[in-house]
Each structure stands twice: as structure tokens, then as C-alpha cells.
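S.K.: Test case, fold it:
(one chain, ligands or ions: 1)
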Amino acid sequence: MKKIIFMMLAVSLFPLILQASPILWEVSSGGNGHYYEFINMGSYINRNDAFAAAQTRTYLGATGYLATVTTFTEHAFVNSQWAGSYSVWLGGAYQSGQWTWITGEAWSYQNWEPGQPDNQGSANGDFLLYYHAASNKSYWHDAYPNFTSVTGYVVEYNVLTTPEPAYLFLLGLGMIGYWISYKKQRKILLP
Ligand SMILES: [Ca+2]
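M.R.: Take a look at the predicted model:
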């Protein structure tokens, strides 16, 4: 029995060991159970490319998206994971006269640097840039999509609503194994 439980655990954890780079904001520490991944290109990436690239990434079956930093605690967590001083795209955009998150989450928490948003002196500062200051603080700026100072993006994975099919398949195999073993044991025990 112990052996079976161990095998089930090993099979269940296998995909987690293979993919270790995105960082979990743990529910037990006040998080939302989502994973976050910083992508630092080292050179300019425009917002449209970052938006598309985030959606090509998957983790534990969840499709990535440009991160939505909707609360101060989420900001504090993301900021704590930020290594280096560079700007990233977030999943915020100015649409139909208001700032919105690409996920449709409520726009309530705001982290604008004083004086922002300022449209970058043009009428196209419609996308949300997250600027990491050397002082270990980070702020939002509005930016046009081809603003060359942005060299990365943050991907968020909501793994809670989309479990990985391969993970479920392996877990299912473990459960079938357990069921077969249980039936066998019953046969031996029953007269
Ligand atoms: Ca979020």
C-alpha cells in the first residue's frame, strides 16, 4: 500500500519537477495560486509581440497571459521576484476611454508613478508598462506599443482553472493502478 501511494505521488509530481521556472504565489502565504514568469529579452520587445508571446507559453496546462497586477499584495509579490532593473509589459490597456485588464478583472488597484499616466507626450500611451526602479520600487507608466525602453514582460499562469492534461492523465493512471490493487486485495481477503 505504501509503495502504491509513493508511486502515485511520484507520478503526480513528475511534471512539476520537469518545469520549475515560473514562480508560484502560494495560497498559503496569501497568494492566488497563480504562477509568474519574468521574461527578460535583453533588448527591446514591442507590446504586441509580448502580448502574443505570453499566449504561446504554457505551464501546467495553463496558457500564459501578460500579467495582471490587480492588488497591492500581487504587486508586492511580483516586485519581490524582479531581478535586475528593466521595464516590462503588463496586461493592461487603455480601451474605450478607460484602463482595463486583458482578463476582464476589475481595474481598482493602481500603481502609477506620480505624474503618470501622461500619454508619453503623444496620444498613444495606451499600454501598461511596469518600471522597476533601482531603489527596489516599481511603478506603472503608460506607453505606446513600440516604446523602445521595454525589454521584457511578465507572464501569469492561472493553473487553478486549467489543470494540465498530461498531469491529469498521469494522475488518472495512478488512480487506476490503485483501484486494480484494491480489487486484487479484496479478492484475496474475501472467501
Ligand atoms: Ca493577476
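
S.K.: so where do the helices sit in the chain?
M.R.: Taking DSSP state H as the test, the helices found in the chain are 2-18, 47-56, 72-80, 165-189.

S.K.: Sketch out the low-pLDDT regions of the chain for me.
M.R.: For the chain, residues meeting the criterion pLDDT under 70 lie at 1-20, 134-136, 162-174, 176-191.

S.K.: Quick check, central residue of it?
M.R.: Centrality entry for the chain: nearest residue to the mean C-alpha point is residue 156, 1.8 Å, by C-alpha atoms, centre = their mean.

S.K.: Excluding chain neighbours, what is closest to it?
M.R.: residue 67 (3.9 Å; C-beta to C-beta, 6 or more residues apart in numbering). All C-beta atoms are positioned from the backbone trio N, CA, C, and that covers glycine.

S.K.: just residue 38 next, same as before
M.R.: Leaving aside its chain neighbours, residue 38 sits nearest to residue 154 (5.7 Å; criterion: C-beta to C-beta, 6+ apart).

S.K.: What's the local residue count around that neighbour?
M.R.: Counted by other C-beta atoms under 10 Å, the residues lying close to residue 154 total 25.

S.K.: Next: the one 5 residues further on.
M.R.: Counted with other C-beta under 10 Å, the burial measure for residue 159 works out to 18 neighbours.

S.K.: Please tell me how far it sits from residue 150.
M.R.: When C-beta to C-beta, to the nearest Å is the yardstick, residue 159 and residue 150 sit 26 Å from each other.

S.K.: measure the closest residue to residue 63 other than its chain neighbours to residue 145 for me?
M.R.: In space, residue 63 comes closest to residue 55 once its chain neighbours are excluded; the distance is 6.1 Å by C-beta to C-beta, 6+ apart. Between residue 55 and residue 145 the distance, using C-beta to C-beta, works out to 16 Å.

S.K.: higher neighbour count, the two?
M.R.: In terms of neighbours (other C-beta under 10 Å), residue 145 is the more surrounded of residue 55 and residue 145; the figures are 17 against 14.

S.K.: List the contacts of that one.
M.R.: Listed by C-beta atoms under 8 Å, 6 or more residues apart in numbering, the contact partners of residue 145 are 46-48, 124, 126-127.
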